[in-house]
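*Asks:* Fold the following for me, if possible:
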Amino acid sequence: MKRALLVLALFFACAGAQAHKPSDSYLTLYADGHTLRGQWDIALRDLEYAIGLDADGDGAITWGELKAKQGEVDAYAFARLALRADGRPCRLEPRGHLVDDHTDGAYAVLRFDASCGAGDYRSVSVEYSLFFDLDPTHRGLLRVERGADSTTGILSPDRPRLEVSAEGRSKLGQFADYVREGIWHIWIGFDHILFLVSLLLPSVFVLSRRENRWVPGERLRDTFWDVFRVATSFTVAHSITLSLAALSIIQLPSRLVESTIALSVVLAALNNIWPLVHERRWAVAFGFGLIHGFGFASVLADLGLPRNALLLALVGFNVGVELGQLAIICVFLPPAYALRRTWAYRRLVFVGGSAVIALVAGIWLVERAFDLKLGLI
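*Replies:* Sure, this is the predicted structure:
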C-alpha cells in the first residue's frame, strides 16, 4: 500500500508543475550545393536567463538592451553550434540581427553565413548544445532547405548531432523523430496530463445513483472498459483536430485554445467532486479532446512539418502522443485500482487530488484568458 501511494504521490508531484511551452530554438539552414547560410531564432527569455539582457531590471527587454548585448549573444550562441560540410568545419559569420515574435514570445533572430571551403556540398553535419547545460528539456528545431525540398530534425541533449545528406534524411529517421517528440510533449504537457488524470481518477469507482456518490468498483473488467472508452474518445478527438489544424484546414486563436484547455481541466476535476456527468465521461473526453488537438497542433507546427514528408510527420507525432498517453495510464491505473477502497485514495488522492488539479488549472485559466502572470505556481 505504501509503495502504491508513493507512486501516486510522485505522479501528482510531476503533473502539478506549471504548464508552459518548453524551451525551443529554430535553426534553418539554406543550402544550394555551393553556399550555406542560416537563420537562428532564439527566445529572449532563454537568453535573459543565460547571459542577462534586461540591463535596467524592469522586466522588459528593449531593442536597445538586446543590441548592446549583441556581441555577447553571438559569442554565446555560436560557441554552441558547429557545422561541417562534407566533413570540413565551417566558420560561422554573423551578418544580421532582427527580432521576431513567435506564439510564446519574442525571439532574437541571428542570420549568418557558413564558410566551409570551395566545393559542391553533399552533406551537412550539425552539432548543437545551446542551453543544454541550463535546461535539459531544450530542443533545437532544425530545418534544412535545399531548393524546393526541406528536411527537418530535432536536436536534444541525447541527440545533439544530426547529419543531412543531399538526399535528405530517411523517412524512417524523420518518423522516429516525430514519434519521440510526441511522447516527450505529452509527458511535459502538464495541462494535457492533468485532464487525462482527472478522467482516470474516477475510473476505479462507480457512481451510486441512490447516494449520488462514488463507490469502489467491484470488477477490474469494468475499470478497464471505462478507461478504454475514455482514452479512445480522447485519442480520436484530438487526432481529428490535430490533423485538421496541422494541415491548415481549421485554425483557432492560440489564447482561445489554451484557455479552453485549462477550462476543460477545471471542469473535469470538479466533476469528480460534484458528479454531474458519470456514465458519459467518454463524451466529455471526446468534446474537450477536440480542443486539446489544437494545442497539440501548435506544438507540431513549431517543430516544423517537412513538405516532402507531411503525412509521415503528422502520423509519427500522433503515434508518439498516444504512446505517451498509454504510458501514463499504465503508471497511474494499477496503484489507483489497488488503493480504491482505502481512505487515502478516496479522500487524499481522489478528492484532494481533484481539488488541487482544479485550483492549478483555474490559475492557468485566469493567466491565459487575461494574459496575466500570477506567479503563484
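*Asks:* CA atoms for contacts and neighbours, from now on please.
*Replies:* OK.
*Asks:* The stretch 51-200 of the chain: helices as residue ranges?
*Replies:* Per DSSP state H, counting those that start in this stretch, the stretch 51-200 of the chain carries helices over the ranges 63-68, 70-78, 171-188, 190-200.
*Asks:* how about low-confidence regions in the stretch 201-350 of the chain?
*Replies:* 211, 303-309 (pLDDT under 70).
*Asks:* run the last query once more with 80
*Replies:* Residue ranges of the stretch 201-350 of the chain with pLDDT under 80: 208-213, 277-279, 299-310.
*Asks:* in the host helix or strand of A262, what counts as buried?
*Replies:* Assigned by DSSP states H and E, A262 belongs to helix 254-273. Using 16 or more other Cα atoms under 10 Å as the test for burial, helix 254-273 gives 257-273.
*Asks:* Over to stretch 363-375?
*Replies:* For stretch 363-375, burial by neighbour count (16+ other Cα under 10 Å) applies to I363, W364, L365, V366, E367, R368, A369.
*Asks:* Please save the CA atoms from that stretch in CSV.
*Replies:* Extracted C-alpha coordinates of stretch 363-375, given in CSV (Å, rounded to 0.1, in the frame of the first residue of the first chain):
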residue,chain,number,x,y,z
ILE,A,363,-4.9,29.7,-12.2
TRP,A,364,-3.8,28.7,-15.7
LEU,A,365,-7.3,29.7,-17.0
VAL,A,366,-7.0,33.2,-15.5
GLU,A,367,-3.4,33.6,-16.7
ARG,A,368,-4.3,32.5,-20.2
ALA,A,369,-7.7,34.2,-20.6
PHE,A,370,-6.5,37.6,-19.4
ASP,A,371,-2.8,37.3,-20.4
LEU,A,372,-1.6,37.6,-16.8
LYS,A,373,1.3,36.1,-14.9
LEU,A,374,0.1,35.5,-11.4
GLY,A,375,3.3,33.8,-10.3
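*Asks:* what sits up against it?
*Replies:* A19, R255, L256, E258, S259, T260, A262, L263 (Cα atoms under 8 Å, 6 or more residues apart in numbering).
*Asks:* what about the residue lying closest to the last one once chain neighbours are set aside, which SS state?
*Replies:* The shortest distance from L263 to any residue that is not its chain neighbour, by Cα to Cα, 6 or more residues apart in numbering, is 6.1 Å, and that residue is L365. When the structure is reduced to helix, strand and coil (DSSP: H, G, I helix; E, B strand; the rest coil), L365 reads as helix.
*Asks:* for D41, same thing?
*Replies:* D41 is classified as strand under three-state DSSP.
*Asks:* Report the contact partners of it.
*Replies:* With Cα under 8 Å, 6+ apart, D41 has these contacts: S25, Y26, L27, D100, Y107, A108, V109, L110.
*Asks:* Could you rerun that using 7 Å?
*Replies:* Counting by Cα atoms under 7 Å, 6 or more residues apart in numbering, D41 makes contact with S25, Y26, L27, Y107, A108, V109, L110.
*Asks:* Specify the beta-bridge partners of it.
*Replies:* Y26, V109 (DSSP bridges).
*Asks:* quick one: terminal-to-terminal distance for stretch 141-158?
*Replies:* Separation of the first and last residues of stretch 141-158 by Cα to Cα, to the nearest Å is 14 Å.
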